[in-house]
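*Asks:* below is the structure, and that's it, no one-letter string:
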């Protein structure tokens, strides 16, 4: 009598093919959009709950950073370089887009551990937690853009018409931040050290990126900047806003492709491992 062989394979395995997995992810995201929205509302109100300043923290933090560097620049301790536009606009524009990336990656990395017992007791798409965390980062970013608009009005400046293309740069910035956030959320769920180290690493990376100063022309930082995709994104924002064209289009397009590749790779990685996350927490 012939025995029927049964082979057990892990779910979400790569034998389905990458395109099939991506379609599966797209369907899952669509089906869980209501849950994602509810999680976003929970995170948004929790961020400013029992806070005296509430949502105004979105304005206070970048203004403190801006004020600090204005003071350092005026005292000669720090040199922003040959900035041809009012420094407050230059700096705040860079800070706004940098904070979009930093808030995306940090909130994404913390998304899983903030759910507590919900993660182990309820079966749902864990991707919804990470994507919901993007909402708070985007809201904070939009509020900071309002400050930038006020500064343009204060200094009686008009951005170039090419500024209409700036919103497109938001896509690769979020893709890069969310991509790293997805994989770091898994690592952070297993070892909480990531959650403590990440804010320091992001701050250190900001100082290595020409966010508050002009790109140096000489030195080791010049070489580091050449391979920093975040530099090209922030530089592109300023180029389109102040000059009307991209000064380094090749680096910008390569950085965009890199961001999309990181996002897709980490999204697939998260999808293949999310069913095991609850077991390791």
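*Replies:* That came through fine. Worth saying up front: this structure is predicted, and the values here are computed from it rather than measured.
*Asks:* low-confidence ranges in the stretch 51-200 of the chain?
*Replies:* By pLDDT under 70, the weakly predicted segments of the stretch 51-200 of the chain are 51-61, 63, 69, 73-80, 116-124.
*Asks:* and the nearest residue to residue 82 once chain neighbours are set aside, how many neighbours?
*Replies:* Distance criterion C-beta to C-beta, 6 or more residues apart in numbering; nearest residue to residue 82, sequence neighbours excluded, is residue 214 at 6.2 Å. C-beta here means a position set from N, CA and C on the backbone, and glycine is covered the same way. Using other C-beta atoms under 10 Å, residue 214 has 15 neighbouring residues.
*Asks:* and residue 214, how far from residue 264?
*Replies:* Plainly put, residue 214 is 33 Å away from residue 264 if you go by C-beta to C-beta, to the nearest Å.
*Asks:* what's the lengthiest helix in the chain packed up against?
*Replies:* Counting residues, the longest helix in the chain under DSSP state H turns out to be helix 249-280. The contact analysis (3 or more C-beta pairs under 8 Å, 6 or more residues apart in numbering; DSSP states H and E) places helix 249-280 against helix 18-31, helix 118-121, helix 127-154, helix 166-190, helix 229-238.
*Asks:* save those helices as a markdown table, and put in mean neighbour count too.
*Replies:* Output for the helices and strands packed on helix 249-280, formatted as a markdown table (neighbours: other C-beta atoms under 10 Å):
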| stretch | mean neighbour count |
| --- | --- |
| helix 18-31 | 12 |
| helix 118-121 | 12 |
| helix 127-154 | 19 |
| helix 166-190 | 21 |
| helix 229-238 | 23 |
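*Asks:* now the ones you listed as a markdown table including distance to residue 250?
*Replies:* Listed next are the helices and strands packed on helix 249-280 as a markdown table, based on distance: least, C-beta to C-beta, whole Å:
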| stretch | distance to residue 250 |
| --- | --- |
| helix 18-31 | 28 |
| helix 118-121 | 43 |
| helix 127-154 | 27 |
| helix 166-190 | 15 |
| helix 229-238 | 9 |
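*Asks:* among those, which comes closest to residue 64?
*Replies:* Evaluated with C-beta to C-beta, the helices and strands packed on helix 249-280 place helix 127-154 nearest to residue 64, the distance being 12.5 Å.
*Asks:* check residue 210 and give its pLDDT.
*Replies:* For residue 210, the model assigns a pLDDT of 88.
*Asks:* let me see the contact set for the residue nearest to it when sequence neighbours are not counted.
*Replies:* In space, and not counting its chain neighbours, residue 210 is closest to residue 231: 5.8 Å by C-beta to C-beta, 6+ apart. Counting by C-beta atoms under 8 Å, 6 or more residues apart in numbering, residue 231 touches 209, 210, 215, 225, 251.
*Asks:* which of these sits closest to residue 42?
*Replies:* For these, with residue 42 as the reference and C-beta to C-beta as the criterion, the closest is residue 209, at 31.7 Å.
*Asks:* circling back to that earlier point, list the buried residues of the longest helix of the chain.
*Replies:* In terms of neighbour count (16 or more other C-beta atoms under 10 Å), helix 249-280 has its buried residues at 251-252, 255-256, 258-259, 262-263, 266-268, 270-272, 274, 277.
*Asks:* tilt between that helix and helix 166-190?
*Replies:* Counting by axes from the mean of the first three to the mean of the last three C-alpha atoms, to 10 degrees, helix 249-280 lies at 30 degrees to helix 166-190.
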